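K.L.:
return a 3D structure for these sequence lines:
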Amino acid sequence: QVQLVESGGGLVQAGESLRLSCVDSGRTFNSFPMAWFRQAPGQEREFVATINWNGGATIYADSVKGRFTIARDNAKSTVYLRMNSLKPEDTAVYYCAATLRYLAPRIDGYDYWGQGTQVTVSS
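P.N.:
You can find the predicted model right below:
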């Protein structure tokens with residue numbers, strides 16, 4: 001059974017850090033790309049970062065490049081998103097996503113989604 005479960009969200013102040021985790025409880029995607037997306041209130045879901053199966057390739061949205069880092073631990077079937085220097089505009093629900101296809105920095109490249117975790121950054 002495919003199940004992606006995110007955790008690690010919360011309320012922080014601008015400039016602080018958070019690390020999000022996403023567990024692939026069915027161990028379905030250890031050999032496939034996984035990604036993070038986010039959706040702010042009233043806005044469309046947008047791409048944040050993606051990583052290939054072994055961590056050897058990553059892609060980031062320009063808005064987070066240099067501040068966020070995506071990583072994965074296949075032994076734990078977990079993908080992480082380390083978020084540094086957070087800004088109020090990073091406030092959103094963050095979603096983990098996975099695909100059985102290829103690495104892609106766009107929403108239609110992913111078929112499996114978690115329920116999301118809220119990140120709120122106060123100024």
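K.L.:
next, count neighbours for residue 59.
P.N.:
By other C-beta atoms under 10 Å, the residues close to residue 59 number 18. Backbone N, C-alpha and C define where each C-beta goes, glycine included.
K.L.:
wait, it touches residue 105, no?
P.N.:
Yes: between residue 59 and residue 105 a contact is recorded at 4.6 Å, counting by C-beta atoms under 8 Å.
K.L.:
now do the shared contacts for those two.
P.N.:
Common neighbours of residue 59 and residue 105, counting by C-beta atoms under 8 Å, 6 or more residues apart in numbering, are residue 50.
K.L.:
and the nearest residue to residue 8 once chain neighbours are set aside, what are its bridge partners?
P.N.:
Spatial nearest neighbour of residue 8, excluding adjacent residues (C-beta to C-beta, 6 or more residues apart in numbering): residue 20 at 4.2 Å. Beta bridges link residue 20 to residue 81, judged by DSSP bridges.
K.L.:
number of residues surrounding residue 44?
P.N.:
If we define neighbours as other C-beta under 10 Å, then residue 44 has 8 of them.
K.L.:
and the residue nearest to residue 8, what does it touch?
P.N.:
Residue 20 makes contact with 6-9, 36, 80-81, 83, 94, 96, 117, 119, according to C-beta under 8 Å, 6+ apart.
K.L.:
change it to 7 Å
P.N.:
Contacts here follow C-beta atoms under 7 Å, 6 or more residues apart in numbering; on that basis residue 20 touches 6, 8-9, 80-81, 94, 117.
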